[in-house]
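S.K.: Okay, sequence plus prediction incoming.
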Amino acid sequence: QALGEAGRAKAQAFLSALPGYTPTPLVALPALAGRSAVAAIHVKDEGGRFGLKSFKALGGAYAVATLVLAEAGRRLGRELSPSDLTSSAVRATAKTMTFACATDGNHGRSVAWGAQLAGAACEIFIHAGVSEGRAAAMAAYGAHINRIDGSYDDSIALSAEMSAKHGWIVVSDTSWEGYEDIPLTVMQGYTAMIGEALDTLTRPPTHLFLQAGVGGMAAAVASYAHQRLGADAPKIVVVEPARAACLYASAEAGKLVTIPHDEPTVMAMLECATPSPLGWEVLHHLADGYVTLAEEQATEAMRILAAPSGGDPSVVAGESGCTGLAGFLACTANPRARKHLGLDENSRILVFNSEGATDPVIYNRIVGRLPEEVAA
């Protein structure tokens, strides 16, 4: 239920009360659909979400707001509503709270924004591969940035250790034993994204291609779609970088596994070695297939979205944002995959542009144009 209609309604009530809330666009790509021999392709474009350029704005900030209101409600002895978040009484409580997280970039930006909005402090832990542009974007929301040598998984461990030492509240988008409620709240926020898409579509999708790092977003979207659509639920395809395919490895093993750290992937927001147990618990039941992407497949999808042919509208998609579409395109080029997934002239594809140009310098280097030019 937390990831079904009731959970979506709860998240929607919070998110709608936040400044700048508006549903993100659902972009149709009919020319690309024709070339791919399917009925329709729609891209839910999260690049403008709350000005944070990423779907993550729906998760971390929502969890921070929920936690602040819950603590303030306990101290004040009354139930509070989302509209109370910026009240002086709630901000007085928030000033005593510090939120922490590990991030590849986008989740940390959301947590930092949520903390700034509520008036709380924020500690962000990033690993060596996070770009300076993404670090600066988080710092712009008032977060203190802690850069470490090592991997994303190392930053998760250190954020938990330092939080336990200092009494900070960890807002992670991955779970571990004894730590599930907050990651589930983060995932609940993501159901607003798929809910908006299904509200807009006249016919439900037959296939969802969902990019995954630890698997939280993919699991939330898959769970909501199955609960809402029932017998009409779409096939679920999980898409990962070949260099960080921890969910694919877990599916092969039949259990959750940690993979060795490979060389960095351009799909930096998806560079994770261990699935979230919560995400894996959902996806190993609901996923119909897994796709692992070569680096050039992601960058080519960025360029296709930036400069589409046949009159399709352009979409500014970051290195990780484009990977759902890249996974679909990889499957259309593979007859075995097309047959396995039932991709044909009746298929209706839904993908999520999970991030815009969250690092404009990297975007320009890959696409050859500034994101502002593409958007215009």
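M.R.: Thanks, I have it. Residues are numbered from 1 along each chain as shown.

S.K.: Return the set of buried residues in the longest helix seen in the chain.
M.R.: As assigned by DSSP state H, the longest helix anywhere in the chain is helix 181-200. Of all the residues in helix 181-200, those buried under the rule 16 or more other C-beta atoms under 10 Å are 182-198. For every residue, glycine as well, the C-beta is placed using N, CA and C.

S.K.: Isn't Glu263 up against Pro241?
M.R.: No: at 10.5 Å, Glu263 and Pro241 do not qualify as touching, with contact defined as C-beta atoms under 8 Å.

S.K.: And the two? Which one has more around it.
M.R.: Counting neighbours by other C-beta atoms under 10 Å for Glu263 and for Pro241 shows that Pro241 has the greater number, 30 against 7.

S.K.: What's the local residue count around Ala244?
M.R.: Neighbour number of Ala244 under other C-beta under 10 Å is 27.

S.K.: Ok, Ala121 next?
M.R.: Ala121, neighbours per other C-beta under 10 Å, totals 17.

S.K.: Write down the beta-bridge partners of it, one by one.
M.R.: Thr98 (DSSP bridges).

S.K.: what's the pLDDT at it?
M.R.: Here the pLDDT value assigned to Ala121 is 98.

S.K.: Identify the residues contacting it.
M.R.: Neighbour list for Ala121: 97-99, 115, 144 [criterion: C-beta atoms under 8 Å, 6 or more residues apart in numbering].

S.K.: ok, now Cys246?
M.R.: Applying C-beta under 8 Å, 6+ apart, we find Cys246 in contact with 214, 240, 257-259, 272-275.

S.K.: can you do 10 Å?
M.R.: 153, 212-215, 240, 256-259, 270-276, 280 (C-beta atoms under 10 Å, 6 or more residues apart in numbering).

S.K.: Keep only those of those that are in strands.
M.R.: Secondary structure from DSSP state E places Glu240 of the contacts of Cys246 in strands.

S.K.: picking up where we left off before, shared neighbours of Glu263 and Pro241, which are they?
M.R.: Taking C-beta under 10 Å, 6+ apart as the contact rule, Glu263 and Pro241 both touch Glu295.

S.K.: Please save the CA atoms from the longest helix of the chain in PDB.
M.R.: Extracted in PDB, the C-alpha atoms of helix 181-200 (Å, rounded to 0.1, in the frame of the first residue of the first chain):
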ATOM      1  CA  ASP A 181      11.100   3.200   6.900                       C
ATOM      2  CA  ILE A 182      12.900   6.300   5.500                       C
ATOM      3  CA  PRO A 183      14.000   4.700   2.200                       C
ATOM      4  CA  LEU A 184      10.400   3.500   1.800                       C
ATOM      5  CA  THR A 185       9.200   7.100   2.300                       C
ATOM      6  CA  VAL A 186      11.700   8.200  -0.400                       C
ATOM      7  CA  MET A 187      10.400   5.600  -2.800                       C
ATOM      8  CA  GLN A 188       6.800   6.600  -2.000                       C
ATOM      9  CA  GLY A 189       7.600  10.100  -3.300                       C
ATOM     10  CA  TYR A 190       8.500   8.600  -6.700                       C
ATOM     11  CA  THR A 191       5.000   7.200  -7.100                       C
ATOM     12  CA  ALA A 192       3.900  10.700  -7.900                       C
ATOM     13  CA  MET A 193       5.900  10.600 -11.100                       C
ATOM     14  CA  ILE A 194       4.300   7.400 -12.500                       C
ATOM     15  CA  GLY A 195       0.900   8.500 -11.100                       C
ATOM     16  CA  GLU A 196       1.100  11.700 -13.100                       C
ATOM     17  CA  ALA A 197       2.100   9.800 -16.300                       C
ATOM     18  CA  LEU A 198      -0.800   7.300 -16.000                       C
ATOM     19  CA  ASP A 199      -3.200  10.200 -15.300                       C
ATOM     20  CA  THR A 200      -2.200  11.800 -18.600                       C
END
